[in-house]
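[1] The following block contains a protein sequence and its predicted model.
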Amino acid sequence: MIRQSDLVERVRTYDPGVDEDLLNRAYVFSMKAHGTQTRASGDPYFSHPLEVAGIVTDMRLDTATVATALLHDTVEDTLATLDQIQQQFGPQIAQLVDGVTKLSALEQERPTDEIREAENFRKLLLAMSHDIRVLLVKLADRLHNMRTLHFIAKPEKRRRIARETMDIYAPLAERIGMHEMKDELEDLAFKELNPEARESVMARLSFLRESGGDTVGRIARELQETLAEKGVRAEVQGREKRPYSVWRKMQRKNVSFEQLADLMAFRVIVPTEDDCYRALGAVHRHYAAVPQRFKDYISTPKKNRYQSIHTTVIGPEKRRIEIQIRTLAMHEIGEYGVAAHWHYKALGSLPAEGGEFRWIRELLEILEHAGNPEEFLEHTKLEMYQDQVFCFTPKGDVIALPRGATPVDFAYAVHTDVGDTCVGAKINGRIAPLRTAIENGDQVEIIRSKAQTPSPTWDGFVVTGKARAAIRRYVRDQQHSQYVDLGRAILERAFQQHGHELTEKALSQVLKVFRTRNSEELYAKVGEGFLSGKDVVERIYPGEQPNAKPSGFARMRSALTRGRGGQAKGGDHAIPIRGLIPGMAVHLATCCHPLPGDRIVGIVTTGKGVNVHTIDCESLENFTNVPENWLDISWDPATVAESVQSGRLTVTLTNEPGSLNALTSVVAKNMGNISNLRIANRSQDFFEIVVDIEVQDVKHLSNIMAALRADPLIHSVSRGRA
């Protein structure tokens, strides 16, 4: 174990003004608090906070952070309280200890590992948003726990900790620029999660090492000599890539170990930024560069302030090697991230500006938009895992996005309001679809409209957590609003059928019965299908019968059709449907593809709202045993006027040249838009096509059908069929 005096001296080497008394008091307090506790290894428990403090001193962090490392488990695992910490060590250290403590106190509170992990990470984010040192201590704590993971007896617990490390803590270490810690965390987790693969990679690396001798040393010396000959003063460091890095590259590129060429990486450290580019020129003049393997993170730094030039060349001994060129300051930040440019007083709390902390604010926005901890965890993993591309705003500002990001992701990265009002995008001056993948160096311009709202379909192609969280939040809000409106309409109809008027006073009698806090929650439950209007009315007016009670399939259909006078607007109590956007509270059935102008009926599906069918849809026979789920509905004129719906046709064409062109031309001339087309059957003389056409209403579709039937190349046209 590290001795008390040794710990103080470690801090003194980089901080001559170390508060020796504070460290001594923290050392003694922690040692006494943990007392005779032991770890799974059999070592005294106090050895753990001491080792964590040692890791923190390796990061060259301030005295308060070292003291926090010594005390970080006292509140959670001993009888010590946070009040005692505050009284003896002050509010700053108490806040840091509290931030770290909250992260682990949920072990027994949550029913599943998934929810526990998600809630744990949510609390971590909130704590580190107030003080980034909370994260630094937590990473040091996790690193020591991973180094001693093999002492835990239960394999499932070891795997859970290793998976959490791989999913959460290694990406967080990378996000704050601590690449050395990230590499070690990944490799330790890899050792537990896939030991056979790691042993295989290590055996092959060992074989190459033995057969080639000191290859890394020879190549590093030759690189240094080459640079010196070109007049570039540099220090060259070489290393063999870690087993997990090698294995991940094998998986990503789907290649065998023998097909990997760049198993070694070399760092060229030079005095100034100008020397970086001189060194790059010298390397490329002397060795052949590998195409598409050059990245300049000096001109476009990563979000965590990482700067370096990356290039891959066919280097000494005709080996393919990766070279990173940077200054000493860049190297310190590249290895130790936030810890490398720590200012003892300035960086205690989250700065108002600064690119290296912008991602924390983005995660806080995701936290605000996420529906639950598990969804938040899913979105933040999207943020942290993927490689980056760098693109530009029209003003030349750099935006870093995950690979595969689209203009919608770009819009949300600029600002949530920009994303919400995005209607189109220009990439390098040309209009492009919103699902287009952005490439490195693209200039993106977002076209906006105040009338636009997020589309639920965007959720299918965005890749950033921020965009996905904002879209899902909008959909949830819209769904809730529509469920409330729908539930209110259903209850109004149910009350009218019993000869009563819907009032807040009447509903207040049953709020507790249905476990709802207010009438809005009750409306939402009814609209979503968890309650029926009949359930609510019978609770308020027990024993009463409705004025009309249709039963049987024919009578239900007749009752819903009767009184419409040949029109499609519904009966006296018909509920006007709104929200014809996919993914909302009202869904248009795909079996019959109803259109405005069709006579329609609604079927309430628990948890999904209302499915809208045409009144003659064959699938309605499946719902004859649940008459309470049938709704008399009509098209809302305001919604219909501003929406475009998809109608389905089955068209039989003669098998002649130009017949498909005849179909598409007729649809286009009649102002329809084909959204999907599929050949269902094909024979020698005819082939049958199922085509979806965007139209205004059933009359519009009927006009298209009439025009198609008039064409000699089209044999028959009918509506519907899958």
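    Done, it's in.
[2] Could you pick out the longest helix of this protein?
    helix 465-497 (DSSP state H).
[3] And the next helix or strand past it?
    Next along the chain after helix 465-497, taking DSSP states H and E as the criterion, comes helix 504-508.
[4] That next one: which residues count as buried?
    For helix 504-508, burial by neighbour count (16 or more other CB atoms under 10 Å) applies to Ala506, Leu507. Heads up, the C-betas are built off the backbone N, CA and C, glycines and all.
[5] helices and strands around that helix, which ones?
    With contacts taken as 3 or more CB pairs under 8 Å, 6 or more residues apart in numbering; DSSP states H and E, helix 504-508 sits against helix 519-528, helix 533-540.
[6] May I see the buried residues of the longest helix of the chain?
    Buried residues in helix 465-497 (16+ other CB under 10 Å): 465-475, 478-491, 493-497.
[7] Check stretch 587-602 too.
    Of the residues in stretch 587-602, 587-589, 591-602 count as buried by neighbour count, 16+ other CB under 10 Å.
[8] and Arg678, how many neighbours?
    10 (other CB atoms under 10 Å).
[9] again with the one 5 residues further on
    As a burial measure, Ser683 scores 9 neighbours (other CB under 10 Å).
[10] How about it: what's its closest non-neighbour residue?
    In space, Ser683 comes closest to Asn655 once its chain neighbours are excluded; the distance is 7.4 Å by CB to CB, 6 or more residues apart in numbering.
[11] cool, and Ser449?
    Spatial nearest neighbour of Ser449, excluding adjacent residues (CB to CB, 6+ apart): Val423 at 4.6 Å.
[12] Send me the helix or strand where the one you found lies as CSV with only the CA atoms.
    Using DSSP H and E, Val423 sits within strand 422-427. C-alpha atoms of strand 422-427 as CSV (Å, rounded to 0.1, in the frame of the first residue of the first chain):
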residue,chain,number,x,y,z
CYS,A,422,-36.1,21.5,-40.7
VAL,A,423,-37.9,20.9,-44.0
GLY,A,424,-35.0,20.3,-46.3
ALA,A,425,-31.2,20.6,-46.7
LYS,A,426,-28.6,21.6,-49.2
ILE,A,427,-25.3,19.6,-49.1
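[13] strands paired with that strand, and their directions?
    Using DSSP bridges, strand 422-427 pairs in its sheet with strand 430-432 (antiparallel), strand 444-448 (antiparallel).
[14] Highest mean neighbour count out of those strands?
    For those, average neighbour numbers computed from mean count of other CB atoms under 10 Å are highest in strand 444-448, which has a mean of 19.
[15] residues making contact with that strand?
    Residues outside strand 444-448 that contact it (CB atoms under 8 Å, 6 or more residues apart in numbering) are 391-394, 399, 407, 410-411, 414, 418, 421-427, 429, 438.
[16] burial count for Gln388?
    16.
[17] roughly how far apart are the residue nearest to Arg599 when sequence neighbours are not counted and Arg493?
    The shortest distance from Arg599 to any non-neighbouring residue, by CB to CB, 6+ apart, is to Ile615 (4.1 Å). In this view, Ile615 and Arg493 are 18 Å apart by CB to CB, to the nearest Å.
[18] Check Asn254 too.
    From Asn254 over to Arg493 (counting by CB to CB), the distance is 59 Å.
[19] cool, Gly17 as well?
    Going from Gly17 to Arg493 by CB to CB gives 76 Å.
[20] remind me which residues of the stretch 451-600 of the chain are low pLDDT?
    Within the stretch 451-600 of the chain, the ranges that satisfy pLDDT under 70 run 546-574, 578-584.
[21] in the stretch 551-700 of the chain, which spans are helices?
    553-561, 637-641, 659-669, 698-709 (DSSP state H, counting those that start in this stretch).
[22] mean pLDDT lowest for which of the ones you listed?
    Among the helices of the stretch 551-700 of the chain, helix 553-561 has the lowest mean pLDDT, at a mean of 54.
[23] pretty sure Asp485 is touching Val526, no?
    No. If you go by CB atoms under 8 Å, Asp485 and Val526 don't touch, sitting 10.8 Å apart.
[24] Can I get the buried part of the contacts of strand 444-448 as one ChimeraX selection?
    Buried subset of these, written as a ChimeraX selection, criterion 16+ other CB under 10 Å:
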select :391,392,399,407,410,411,421,422,425,427,438
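[25] Asp6 is nearest to which of the strands paired with strand 422-427?
    Each of these has some distance to Asp6 by CB to CB; the shortest is strand 444-448, at 54.1 Å.
[26] Low-confidence regions, the stretch 301-450 of the chain specifically.
    Within the stretch 301-450 of the chain, the stretches with pLDDT under 70 are 304, 337-387.
[27] Could you do the stretch 101-250 of the chain as well?
    Short version for the stretch 101-250 of the chain, where the test is pLDDT under 70: 102-129.
[28] can you pull out the helices in it?
    Under DSSP H, counting those that start in this stretch, the stretch 101-250 of the chain gives helices at 113-130, 133-147, 155-164, 170-175, 179-193, 195-212, 215-229, 243-253.
[29] what would those look like in TSV with distance to Gly334 and mean neighbour count?
    Shown next, in TSV, are the helices of the stretch 101-250 of the chain (distance: least, CB to CB, whole Å; neighbours: other CB atoms under 10 Å):
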stretch	distance to Gly334	mean neighbour count
helix 113-130	21	19
helix 133-147	16	24
helix 155-164	25	15
helix 170-175	11	23
helix 179-193	6	21
helix 195-212	23	13
helix 215-229	18	17
helix 243-253	15	16
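[30] okay if I get these as JSON lines plus distance to Gln509?
    Shown next, in JSON lines, are the helices of the stretch 101-250 of the chain (distance: least, CB to CB, whole Å):
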{"stretch": "helix 113-130", "distance to Gln509": "36"}
{"stretch": "helix 133-147", "distance to Gln509": "50"}
{"stretch": "helix 155-164", "distance to Gln509": "48"}
{"stretch": "helix 170-175", "distance to Gln509": "51"}
{"stretch": "helix 179-193", "distance to Gln509": "56"}
{"stretch": "helix 195-212", "distance to Gln509": "63"}
{"stretch": "helix 215-229", "distance to Gln509": "80"}
{"stretch": "helix 243-253", "distance to Gln509": "61"}
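[31] What sits closest to Arg147 if chain neighbours are left out?
    Spatially, and ignoring its direct neighbours in sequence, Arg147 is nearest to Leu188 (6.7 Å; CB to CB, 6+ apart).
[32] so the one you found touches Thr165, yeah?
    Yes. In this structure, Leu188 is within contact of Thr165 by CB under 8 Å, at 7.2 Å.
[33] which residues do those two both contact?
    Met146.
[34] Please state the offset of stretch 297-310 from the chain centre?
    24 Å (CA atoms, centre = their mean, to the nearest Å).
[35] buried set for it?
    For stretch 297-310, the neighbour count (16+ other CB under 10 Å) marks Tyr297, Ile298, Thr300, Pro301, Lys302, Lys303, Asn304, Arg305, Tyr306, Gln307, Ser308, Ile309 as buried.
[36] picking up where we left off before, next, give phi and psi for the residue nearest to Ser683.
    Main-chain torsions, Asn655, degrees, to the nearest 10: phi -80, psi 70.
[37] I am finished for the moment; much appreciated.
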